[in-house]
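A.B. asks: Mind folding the following:
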Amino acid sequence: MKKLPPKANLDHLKKQAKELLRLYRNGNATAIARFVHHLPAAAHRTDSEVAALQLRLHDAQSCIAREYGFSSWADLALYVETSAFAHHEQAVLIHRWLGLAYGGDVTGTYDAARPRVAVQLLQEHPDLLATDPYVACAAGHLEVVARTITADPDWTNRAGGTLNLPPLVAVTHSRLGLLPEFISGVRECAQHLLQAGANPNERIGNRFPPASLATPDEMGPLSALYGAAGVVRDPALTEMLLKAGADPNDGESLYHSLENPDCTRLLLRYGARVTGTNALRRALDMPDPAPLELLLAHGGDANEPAGEGPTKVWGAPLLRAIAVSRSPRHIAALLAAGADPTARTPAGVSAWRLATQVGLPEVVELLRGYGVEEDLSAEDDFVAACARADATEARRIQARHPDLPGSLPEDRFRLLPDAAAWGSSAAVKVMVELGWPIAARGGDWDATALNHAVFRGDAELTAFLLSRGASWRETQGFGDDVLGTLSWGSVNEPTGPENPDWIGCARALVAHGLPTMERDPSNPERLLIEGQPKRFSEGVTEVLLGDRGATSEPS
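C.D. replies: Residues are numbered from 1 along each chain as shown. The predicted structure follows:
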């Protein structure tokens, strides 16, 4: 692995990437070998196969980053940028480092945590640990934490540092705890703090915007237990806090623990109540039915009334599960726990009819076993054919009823963006080709199919929708347009969709007529689009600026 120079320069690294791309395009064997060795897309391929890939600038940048031990160009760029702060005041460097170690709910920003970058920076600047006890908390460095407690025993229960964190919260909310090589140190620091008298129920208010570090949302508490069970999702750390007296009914921990059912089981064993947490509906977002089955076995109400927000659109949990195309096992668990098989949405659509509309024949059969069945109209048959991407049947029905889909009730049109939101791209394509309104809004954040496709990083569906008339100006429930969706997705890289391709989405948008963009003179990390600043990942930024680096010679 190559080692970065002490004062690495991002512009120089960009020139390295351009030079590598130039050599590759000239058939240089050494350049091709570098791609084969470091770029996953080129691994185990012959020289001719690599040449046929027609690699571009972002691939060269990725190769350069991996040669230096980084998983992506974005991480390399962030590391170089942050390293530059070492030439400024130490306090600035610490603040920047903590911004890499914690999520936006702690830092008060939209930025996602980058624990791997934080680790690399710490290796370069190990003095950060001795300089700041909160860095030591985040890194699980017991020696510094213990020394700080010895010098100031009251520190264990006092919020402080750049992010104004109680020490136990600083430990359990650190994303470095997600890294195998750091979790044992995190546990040791938490245990030492508890033995020294730290309150196991330490908490802060959520700082995620529109809240902030200065004005946190106290109605959204982030407890130390929430960090253990919902951020790090470590059963050992979770049980340690519960044994010390942490309240399992803190309003957040159960909901956020579901991605590791072992943490959920511990919370339930120590008395966590399912009612009132919205955890059961959160379990409906998960492809694995185990969390749902666990909550239902511990008092979860299979007929829990819907609250405000997206859940209200569907009503009962059974209807929500069907709407988001959960598995027959999810549906069977709800029905076995007493879910009403005759439930209807607020718009009057029954569970059985909804299952046909979203293309779930196995669920239809399950409901039929509970004595539920209805006669379907031609409209229902048409919607069902579209949902299961049966274009032949849908066209056959449309030929007899040419007013479809225009004659459908307006609430049915949301099935198009819903299909995009849950990844049913084949159904989306059939619906669009048969005339469904392409700008209809739906999904959990009231967005168009194009917004959902871009959020998921589905470049193929993005290009398809744009070719059929979708517009980047289409807005979503957060008040922004498709570029705002691309900004959030490419920077924060949400989990869920497999192999997201936000660069491909950007290329599709550029190909369909985005306005000219330029860097924001006041902040070079952002672009100006019709005078509005937006931030994107490095690769997406390169595309939106015209991908000039992919075609020009290095300067």
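A.B. asks: and the gap between Ala453 and Pro515?
C.D. replies: Distance, Ala453 to Pro515, using CB to CB, to the nearest Å: 20 Å. For the C-beta atoms, the positions are set from N, CA and C on the backbone; glycine is no exception.
A.B. asks: Same drill for the two, tell me which one is more crowded.
C.D. replies: A direct count of neighbours by other CB atoms under 10 Å for Ala453 and Pro515 places Ala453 higher, at 31 against 9.
A.B. asks: Ramachandran coordinates for His125?
C.D. replies: His125 adopts backbone torsions of phi -130, psi 70, taken as degrees, to the nearest 10.
A.B. asks: That one touches Leu93, doesn't it?
C.D. replies: Yes - taking contacts as CB atoms under 8 Å, His125 lies within contact range of Leu93: 6.9 Å.
A.B. asks: Which of those two has more residues huddled nearby?
C.D. replies: More crowded of His125 and Leu93, by other CB under 10 Å: Leu93, with 23 against 19.
A.B. asks: how far away is that one from Asp127?
C.D. replies: For Leu93 relative to Asp127 (CB to CB), the value is 10 Å.
A.B. asks: Read off the pLDDT value for Pro361.
C.D. replies: Looking at Pro361, its pLDDT is 88.
A.B. asks: residues touching Leu544, list them.
C.D. replies: Ala506, Leu509, Val510, Leu514, Met517, Leu527, Phe536 (CB atoms under 8 Å, 6 or more residues apart in numbering).
A.B. asks: how would you label the second one: helix, strand or coil?
C.D. replies: Put simply, Leu509 is helix when judged by DSSP: H, G, I helix; E, B strand; the rest coil.
A.B. asks: oh, and call the first residue 364 from now on, that's how I've got it
C.D. replies: Right, with 364 as the first residue, what we last looked at is Leu872.
A.B. asks: Now do the end-to-end distance for stretch 731-744.
C.D. replies: Across its full length, stretch 731-744 reaches 17 Å between end residues, using CA to CA, to the nearest Å.
A.B. asks: Could I get the buried residue list for that stretch?
C.D. replies: Applying a neighbour-count criterion of 16 or more other CB atoms under 10 Å, one finds Val735, Glu742, Asp743, Asp744 buried in stretch 731-744.
A.B. asks: tell me what the helix or strand harbouring Glu506 is packed against?
C.D. replies: Using DSSP states H and E, Glu506 maps to helix 505-514. Contacts defined by 3 or more CB pairs under 8 Å, 6 or more residues apart in numbering; DSSP states H and E place helix 505-514 against helix 496-502, helix 543-558.
A.B. asks: most tightly surrounded among those?
C.D. replies: Greatest average neighbour count among these goes to helix 496-502 (a mean of 27), per mean count of other CB atoms under 10 Å.
A.B. asks: I figured Gln483 was touching Phe433, is that so?
C.D. replies: Yes - at 7.4 Å, Gln483 counts as touching Phe433 under the criterion of CB under 8 Å.
A.B. asks: To what extent is Ala702 buried, counted in neighbours?
C.D. replies: So Ala702, with other CB under 10 Å, has 23 neighbours.
A.B. asks: repeat for Ala509
C.D. replies: Based on other CB under 10 Å, the number of other residues close to Ala509 is 16.
A.B. asks: Spit out the contact partners of it.
C.D. replies: So Ala509 contacts His555 (CB under 8 Å, 6+ apart).
A.B. asks: Return the per-residue confidence for the closest residue to Asp613 other than its chain neighbours.
C.D. replies: Distance criterion CB to CB, 6 or more residues apart in numbering; nearest residue to Asp613, sequence neighbours excluded, is Ser586 at 4.5 Å. Listed pLDDT for Ser586 reads 97.
A.B. asks: where's Ser586 relative to Leu526, distance?
C.D. replies: Taking CB to CB, one finds Ser586 at 16 Å from Leu526.
A.B. asks: Same drill for these two, tell me which one is more crowded.
C.D. replies: Ser586 (26 against 23).
A.B. asks: need the contact list for that one.
C.D. replies: With contacts defined as CB under 8 Å, 6+ apart, Ser586 is in contact with Val532, Asn564, Glu565, Arg566, Ala609, Asp610, Asp613, Glu615, Ser616.
A.B. asks: Phi, psi for it please.
C.D. replies: The phi/psi pair for Ser586 (degrees, to the nearest 10) reads phi -80, psi 170.
A.B. asks: Repeat that for Val399.
C.D. replies: phi -60, psi -40.
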